[in-house]
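Undergrad: Mind looking at a prediction? Sequence and model below.
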Amino acid sequence: MKKIIIAASLLTASVAFASPYAKCVACHGADGEKNHMGNKIIKDLSKADFVAALKGYQDGTYGGAKKALMAGQVKGMTEATMNEIADLIIK
């Protein structure tokens, strides 16, 4: 059982780090188009607004009901990674 848990943890970690956007897809969709439970449609934001929102989640100055969830998602994320994600979904 312990081996299964360790294997599952490693698999989850490898998927999460495969793409910086991988952990965002469940709620925001593969193209940032998803409006699940009131999520913003992030593909419609400007890159500057998107990065500013992520920075705001990090420092606690941005967000509503999902503020705590998003703070955990962006914890430790660099501005370079934020811009990389923006480049993937905002055209």
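TA: Nice, thanks for sending it over.
Undergrad: from here on, contacts and neighbour counts on C-alpha atoms
TA: Fine.
Undergrad: what about the helices in the chain?
TA: Under the criterion DSSP state H, helices of the chain are mapped to 2-18, 25-28, 47-59, 67-74, 79-89.
Undergrad: For these, which has the smallest mean pLDDT value?
TA: Here the helices of the chain differ in mean pLDDT, and the lowest is helix 2-18 at a mean of 47.
Undergrad: List the residues that contact the spatially closest residue to Glu33 that is not a sequence neighbour.
TA: Nearest residue to Glu33, sequence neighbours excluded (Cα to Cα, 6 or more residues apart in numbering): Ile41, at 5.3 Å. Going by Cα atoms under 8 Å, 6 or more residues apart in numbering, Ile41 touches His28, Gly32, Glu33, Lys34, Asn35.
Undergrad: Repeat the analysis, applying 6 Å as the threshold.
TA: Residues near Ile41 by Cα atoms under 6 Å, 6 or more residues apart in numbering: Glu33, Lys34, Asn35.
Undergrad: are any of those residues buried, and which?
TA: Burial by neighbour count, 16 or more other Cα atoms under 10 Å: within the contacts of Ile41 this picks out Glu33, Lys34.
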